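Engineer: Quick one, what's the 3D model for this:
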Amino acid sequence: MTVQRRNTRQRRLVLDAVRTLHDHPTAEEVFAEVRRHDDHVSRGTVYRNLALLAQDGSIQQLKTPGGSRFDDRCDAHAHLICTSCGSVCDLELPYDAMADAGAARATGFAHVTHYTFFEGLCPTCQ
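Structural biologist: As a prediction, this is how the structure comes out:
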């Protein structure tokens, strides 16, 4: 059963912030962007709405070594993380469904999916 949620003004501000900040922002960066438009929105409201938007598939939550980042792209794509500054960028590689099937066969897990992170030094940090 899918839970229908109201699309509140605050949720729209949070979604717009993630879409505006194309660099895979942290929750704090989203909070700062939302506060530029409405200084009455609390940190808790932003964090709660980020979780709801990720849960309903409007955005993607990336669990990176430095903490969660948020992506407005929800299609299957890889990411590249700078090991020096922590910046994250999209990487256009085809999704490997065979890896999912292989992991399922090897472990007995069901509904296996994956997301891929690569690490390296970004051009700025080189």
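
Engineer: going forward, measure contacts between C-alpha atoms and count neighbours the same way
Structural biologist: Will do.

Engineer: And the helices in the protein?
Structural biologist: 9-20, 27-37, 43-55, 97-107 (DSSP state H).

Engineer: which stretch among these comes nearest residue 85?
Structural biologist: Between residue 85 and the helices of the chain, the shortest separation by C-alpha to C-alpha is 15.2 Å, and it involves helix 27-37.

Engineer: Tell me the gap between that closest one and the middle of its chain.
Structural biologist: Distance of helix 27-37 from its chain centroid, counting by C-alpha atoms, centre = their mean, to the nearest Å, is 15 Å.

Engineer: Please apply the same query to stretch 53-65.
Structural biologist: 4 Å.

Engineer: In CSV, could you pull the C-alpha coordinates for it?
Structural biologist: Only the C-alpha atoms of stretch 53-65 are listed here, as CSV (Å, rounded to 0.1, in the frame of the first residue of the first chain):
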residue,chain,number,x,y,z
LEU,A,53,11.4,12.7,-1.0
ALA,A,54,14.0,9.9,-1.1
GLN,A,55,11.5,7.3,0.2
ASP,A,56,9.0,8.2,-2.5
GLY,A,57,11.6,8.2,-5.3
SER,A,58,11.5,12.0,-6.1
ILE,A,59,15.2,12.2,-5.2
GLN,A,60,18.0,9.7,-4.6
GLN,A,61,19.9,9.6,-1.3
LEU,A,62,23.6,8.6,-1.7
LYS,A,63,25.2,7.1,1.3
THR,A,64,28.8,8.3,0.8
PRO,A,65,31.8,7.9,3.1
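
Engineer: what is the mean pLDDT for stretch 99-110?
Structural biologist: When pLDDT is averaged over stretch 99-110, the result is 97.

Engineer: So, low pLDDT: which residues of the protein?
Structural biologist: Using pLDDT under 70 as the threshold, the predicted model of the chain has low-confidence ranges 1-7.
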